[in-house]
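> Starting from these lines, generate the structure:
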Amino acid sequence: MPVVAVVILNFNGEQLLADLLPKVIAFSDSAEVVVADNASTDGSIELLRRRFPTIKRVELDKNYGFAEGYNRALREVEADYFVLLNSDVEVTENWLRPLLTYMEAHPETAACQPKLRSYAQREYFEYAGACGGFIDSLGYPFCRGRILNTLEKDEGQFDSVAEIFWATGACLFIRSADFWAAGGLDARFFAHMEEIDLCWRLKSRGKSIVCVPQSVVYHIGAKTLSAESPFKTFLNFRNNLLMIYKNMPLKRLWWVLPVRCLLDIMAALHLLAQRRPNNAANVLKAWVQFLKQKRNFRPERAENLALTTTQTPVGLLRKSILVEYYFKAHKTFASIGS
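Numbers count the residues shown, from 1 in each chain. All right, here's what the predicted structure looks like:
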């Protein structure tokens, strides 16, 4: 029987652990449940010691963020499969079994995810991964069940297993061997889009990534950084640019970056019009930091391109999601096409 480790990275999530960890323990079959703590300053550690004394803890010496926090925690875990599970995810009975069954039957698949529904609106998909992630020609991510900020109601339209481009970091089921072979999560991202970057590396190297919707979990979302946070805006814009630079072939990169620069300036102006000056400033700050840091990512870009076996992996949309959404009013996954 393969060893599965469900690893929850926690930072000041005492109440989330109290509310949601019991279900993870009850519904995770024979998997080992591990809580890694990013030097929380609330009562998380005391809660774990008092209410969950048998759960393995990995206590980190400072807040390393999502990416490096997981890298450090997973080095302390021995398993055939890792499940990177957000502390704000509610699991359901038998949630692990469909994921493990699929992975055992498909050795070519490096990672998968369950169906991700909204904790608050339980009939709707959730923003952070819905029913599997995709990416458009300009590097913008979207999902089956979530196009930009529009969420679809789950009416069974995505109930078949499907190849995707990226699996959500809220609940990422991945072979440990593939995780380490691809280099793990890029610690320089700190948080946001690091799982897409990892999945892009895996896809480019010929690995498969799928959504297994027979497994269902519910995600609260935006518990560490709110959707309005200027820092979150900075991380999303900067990390998206770094991800593109690290993974996109030159024949596309040379024209994508100038187009993205224009679109991101428009995004900053839109945020300014919404009276969110700090968010607007952080879009520009993201570009400044990207241009400063780009040279540091050249070795990884060279390695990624050298190991690439396919430049058009499944899940890469050869269209602009912005054009589809704003000019063609295509706001569902089915309306976009391939």
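
> what packs against the strand ranked longest in the chain?
Scanning the chain for the strand with the most residues, using DSSP state E, yields strand 208-219. Strand 208-219 sits against strand 89-91, helix 96-105, strand 109-118, strand 162-163, helix 194-204, with contacts defined as 3 or more C-beta pairs under 8 Å, 6 or more residues apart in numbering; DSSP states H and E. Just so you know, the C-beta spots here come from the backbone N, C-alpha and C atoms, and that holds for glycine as well.

> what about the shortest one, distance to the chain center?
This points to strand 162-163. 16 Å (C-alpha atoms, centre = their mean, to the nearest Å).

> in the stretch 101-250 of the chain, which ranges drop under the pLDDT threshold?
222-227 (pLDDT under 70).

> try 90
191, 221-229 (pLDDT under 90).

> can you count the residues close to V288?
V288 has 10 neighbours, counted by other C-beta atoms under 10 Å.

> What strand or helix carries P299?
Taking DSSP states H and E as the definition, P299 sits inside helix 298-306.

> what mean pLDDT does that helix have?
Mean pLDDT, computed over helix 298-306, is 96.

> now it against helix 194-204, angle please.
Using axes from the mean of the first three to the mean of the last three C-alpha atoms, to 10 degrees, the inter-axis angle of helix 298-306 relative to helix 194-204 is 40 degrees.

> if we can go back for a sec, select, out of the helices and strands packed on strand 208-219, the one closest to N10.
Nearest of the helices and strands packed on strand 208-219 to N10, taken as C-beta to C-beta: strand 89-91 at 12.0 Å.

> re earlier: pull the residues that contact the helix holding P299.
Residues outside helix 298-306 that contact it (C-beta atoms under 8 Å, 6 or more residues apart in numbering) are G183, D186, R201, S204, Y245, K246, N247, P249, L250.

> domains in this protein, as residue ranges please.
Following automatic domain parsing, the chain resolves into domains at 4-219, 230-336.

> Endpoints of the first one, how far apart?
If I follow you right, that is domain 4-219. For domain 4-219, the separation between the terminal residues is 21 Å (C-alpha to C-alpha, to the nearest Å).

> going forward can the numbers begin at 37, since that is how I track them
Noted, 37 is the first residue going forward, which turns the last one into domain 40-255.

> how far out from the middle of the chain is that domain?
7 Å.

> mind listing what L56 touches?
Per C-beta under 8 Å, 6+ apart, neighbours of L56: S123, D124, V125, E126, V127.

> oh sorry, the question was meant for A317
A317 neighbours (C-beta under 8 Å, 6+ apart): P266, A304.

> Ok, M284 next?
Here M284 is in contact with G175, V292 (criterion: C-beta under 8 Å, 6+ apart).

> Going by neighbour count, list what's buried in the helix or strand where F273 lies.
Per DSSP H and E: F273 is located in helix 266-283. Buried residues in helix 266-283, defined by neighbour count with 16 or more other C-beta atoms under 10 Å: 266, 268-283.

> Next: stretch 234-243.
L234, C235, W236, R237, L238, K239, S240, R241, K243.

> just curious, which of these is nearest to A141?
Looking across these and measuring by C-beta to C-beta, the closest to A141 is K243, at 15.5 Å.

> which residues touch the closest one?
Contacts of K243 (C-beta under 8 Å, 6+ apart): E144, T145, A146, A147, D214.

> Distance of the third one relative to E230?
The spacing between A146 and E230, counted by C-beta to C-beta, to the nearest Å, is 16 Å.

> and what of the second one?
Remark: distance between T145 and E230 (C-beta to C-beta) = 20 Å.

> and these two? which has more neighbours close in?
The neighbour comparison of T145 against E230 (other C-beta under 10 Å) goes to E230, with 26 against 22.

> returning to what we had before: now find how far off-centre the helix holding P335 is within its chain.
21 Å.

> Measure how that helix sits relative to helix 266-283, angle-wise.
50 degrees.

> What's the first helix or strand after helix 334-342?
Following helix 334-342 in sequence, per DSSP H and E, is helix 357-358.

> could you dump the next helix-or-strand element following that following helix to PDB, C-alpha only?
For helix 357-358, the following helix or strand on the C-terminal side (DSSP H and E) is helix 369-372. Provided in PDB are the C-alpha atoms of helix 369-372 (Å, rounded to 0.1, in the frame of the first residue of the first chain):
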ATOM      1  CA  PHE A 369     -15.500  27.300 -19.700                       C
ATOM      2  CA  ALA A 370     -17.700  25.600 -22.300                       C
ATOM      3  CA  SER A 371     -18.200  28.900 -24.200                       C
ATOM      4  CA  ILE A 372     -14.500  29.400 -24.700                       C
END
